[in-house]
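Chemist: here is my input, please return the structure:
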Amino acid sequence: MTEYNKPTAQISEFRVTKTLTPKVKPDGRDLGFGKHFTDHLFLVKFSKSEGWHQPEIIPYQDFHINPAASVFHYGQALFEGMKAFKYPNGEPILFRPEYNCDRLAAGAERLCMQAPPKKLMLSGIKQLVHLDQDWIPTEEGCALYIRPTLIGTEGFLGVRPSEEYFFYVILSPVGSYYGSQLKPIPIWIETTDLRAAPGGLGATKAGANYAASLRAAVQARKKGFSQVLWLDAEHQAIEEVGTMNVFFVIKDRLVTPALNGSILAGNTRDCVLALAKEWGWAVEERRITLNELVQASASGDLQECFGTGTAATISPVSLLESEHHRLFIGTENSLPALQIGPRAKKLYDELSGLQRGKIKDTRGWVVPV
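Modeler: Residues are numbered from 1 along each chain as shown. Here you go, the predicted model:
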């Protein structure tokens with residue numbers, strides 16, 4: 001990716017304009033996900049002539065963007081998902097924010113976009129969360145969701161990278177992504193559409209990935225399923241579940257698909273692997289086929305299945321179903337399991353405890369705002 005030798009905005013140059021019309025905060029018991037937005041946003045702009053410049057926190061508002069901007073025509077859109085929490089003493093914290101900044105930078109290189117320096121990203125996120133910290137919900141299972149976003153804004157028609165960008169951050173108080181954080185959900189095994197292909201954008205949080213996933217997700221919900229289990233290009237190997245990485249417990253071993261270039265390297269996935277190894281669990285990162293899961297289910301060796309991601313943290317799965325298979329997880333009966341499995345529960349308790357100050361952080365994962 002071309003680096004332009006232009007000055008980059010300094011942290012001390014941030015301009016803060018507070019809203020004159022604060023919003024009414026929603027009821028923390030009925031937040032949903034991504035329905036409400038806080039009073040302010042962080043914005044910094046890039047141009048070939050000025051580099052990253054004009055960083056500011058401003059009241060939440062619409063943008064004025066050229067109709068020919070590359071984000072609209074050539075899909076130059078990349079985003080991250082993070083969360084802020086509030087400790088019992090009222091201190092706001094972030095959970096492993098540098099991981100997300102590094103991943104955004106890697107994704108920007110894949111999409112030929114200019115990513116802001118990590119220090120600029122982190123400072124903008126911290127100052128925005130600090131300003132809007134009263135929006136951090138304290139109810140069980142709730143958090144302040146952080147959405148850093150990078151888009152191409154130069155107006156032109158012609159297939160090439162944009163030379164102008166917006167990097168902005170918005171905040172949203174959220175409840176559980178699937179409604180009930182620890183209630184196992186049914187998943188549809190998608191055997192027609194693809195989420196990503198080898199050499200594509202699967203390892204990035206590009207907006208195009210999510211556009212490609214919408215049809216299968218809508219069809220799955222019509223059938224009564226919460227999300228879809230994505231397979232590889234040959235529809236044989238497991239890749240992701242919905243918007244999450246996926247884990248299985250097979251014969252007391254924690255197994256997850258190895259990162260292969262089309263699977264997103266999730267922050268929560270990374271945490272789960274680190275915790276499992278620290279606790280001495282048997283862990284495997286490898287290729288997992290649908291046929292292997294079918295056989296493990298038939299033999300009773302498929303003990304647990306759960307998704308991991310920032311939005312849902314740990315989301316247990318009760319059922320995997322397709323036109324040809326029906327795999328019940330964690331139960332000997334032909335009925336979906338009603339409770340989360342023991343390994344998924346231990347992981348959830350550890351992660352949520354760290355994020356909410358119930359467990360002392362000894363790994364450097366918690367970052368004060």
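Chemist: for the residue nearest to residue 322 when sequence neighbours are not counted, grab the count of nearby residues.
Modeler: Among residues not flanking residue 322 along the chain, residue 189 sits closest, at 3.7 Å (C-beta to C-beta, 6 or more residues apart in numbering). From N, CA and C alone the C-beta is placed, and that goes for glycine too. Using other C-beta atoms under 10 Å, the number of residues around residue 189 comes to 23.
Chemist: same check on residue 346?
Modeler: Applying other C-beta under 10 Å, I find that residue 346 has 16 neighbouring residues.
Chemist: strands along the stretch 101-250 of the chain, start to end?
Modeler: With DSSP state E, counting those that start in this stretch, the ranges of strands along the stretch 101-250 of the chain come out as 143-152, 164-174, 185-189, 227-231, 238-241, 245-250.
Chemist: relative orientation of the first one and strand 164-174 in degrees?
Modeler: Per axes from the mean of the first three to the mean of the last three C-alpha atoms, to 10 degrees, the angle that strand 143-152 makes with strand 164-174 is 160 degrees.
Chemist: helix or strand for residue 284, which one?
Modeler: For residue 284, the host element (DSSP states H and E) is strand 283-286.
Chemist: low pLDDT regions in the stretch 201-350 of the chain?
Modeler: 332-337 (pLDDT under 70).
Chemist: quick one: the helices in it, in order.
Modeler: 207-222, 267-278, 290-299, 342-355 (DSSP state H, counting those that start in this stretch).
Chemist: next, format those as TSV and append distance to residue 258.
Modeler: Below are these laid out as TSV (distance: least, C-beta to C-beta, whole Å):
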stretch	distance to residue 258
helix 207-222	19
helix 267-278	11
helix 290-299	14
helix 342-355	19
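Chemist: and of the ones you listed, who's closest to residue 129?
Modeler: Ranking these by proximity to residue 129 (C-beta to C-beta) places helix 342-355 first, at 13.8 Å.
Chemist: give the buried residues for the closest one.
Modeler: 343, 344, 345, 346, 347, 348, 350, 351, 352, 354, 355 (16 or more other C-beta atoms under 10 Å).
Chemist: right, and the fifth one touches residue 274 too?
Modeler: No: under the criterion of C-beta atoms under 8 Å, residue 347 makes no contact with residue 274, lying 10.7 Å away.
Chemist: can you pull the contacts of the residue nearest to residue 322?
Modeler: 228, 229, 231, 290, 320, 321, 322, 325 (C-beta atoms under 8 Å, 6 or more residues apart in numbering).
Chemist: domain parsing for this protein?
Modeler: Following automatic domain parsing, one finds the domains of the chain at 11-174, 185-355.
Chemist: okay if I get these as TSV plus distance to residue 369?
Modeler: Formatted as TSV, these follow (distance: least, C-beta to C-beta, whole Å):
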stretch	distance to residue 369
domain 11-174	4
domain 185-355	13
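Chemist: circling back: out of the strands of the stretch 101-250 of the chain, which is closest to residue 359?
Modeler: Nearest of the strands of the stretch 101-250 of the chain (C-beta to C-beta): strand 143-152, 16.0 Å.
Chemist: and that closest one, what does it pack onto?
Modeler: On a contact count with 3 or more C-beta pairs under 8 Å, 6 or more residues apart in numbering; DSSP states H and E, strand 143-152 meets helix 70-73, strand 77-79, strand 82-86, helix 97-110, helix 118-131, strand 164-174.
Chemist: can you list the residues that contact the first one?
Modeler: Residues lying outside helix 70-73 but in contact with it, judged by C-beta under 8 Å, 6+ apart, are 65, 76, 77, 151, 152, 153, 154, 156, 157, 161, 162.
Chemist: now it, how far from the centre of its chain.
Modeler: Here the centre of helix 70-73 is set off from its chain's centre by 22 Å, with C-alpha atoms, centre = their mean, to the nearest Å.
Chemist: pLDDT of that helix, averaged?
Modeler: Mean per-residue pLDDT for helix 70-73: 97.
Chemist: what's the answer for the second one, then?
Modeler: Taken as a whole, strand 77-79 has an average pLDDT of 98.
Chemist: quick one: contacts of it?
Modeler: 71, 104, 107-108, 111, 113, 147-152, 204-208.
Chemist: mind redoing it with 6 Å?
Modeler: By C-beta atoms under 6 Å, 6 or more residues apart in numbering, the residues outside strand 77-79 that reach it are 71, 107, 108, 111, 149, 150, 151, 205, 206, 207.
Chemist: where does the stretch 1-150 of the chain dip in pLDDT?
Modeler: In the stretch 1-150 of the chain, residues with pLDDT under 70: 1-12.
Chemist: out of the buried residues of helix 342-355, flag the one nearest to residue 218.
Modeler: residue 344 (26.7 Å).
Chemist: the closest residue to that closest one other than its chain neighbours and residue 342: what is the separation?
Modeler: Ranked by C-beta to C-beta, 6+ apart and with sequence neighbours excluded, the top spatial neighbour of residue 344 is residue 306, at 4.2 Å. Residue 306 sits 11 Å away from residue 342, taking C-beta to C-beta, to the nearest Å as the criterion.
Chemist: same question for residue 161.
Modeler: For residue 161, the distance to residue 342 (C-beta to C-beta) stands at 48 Å.
Chemist: what of residue 97?
Modeler: 30 Å.
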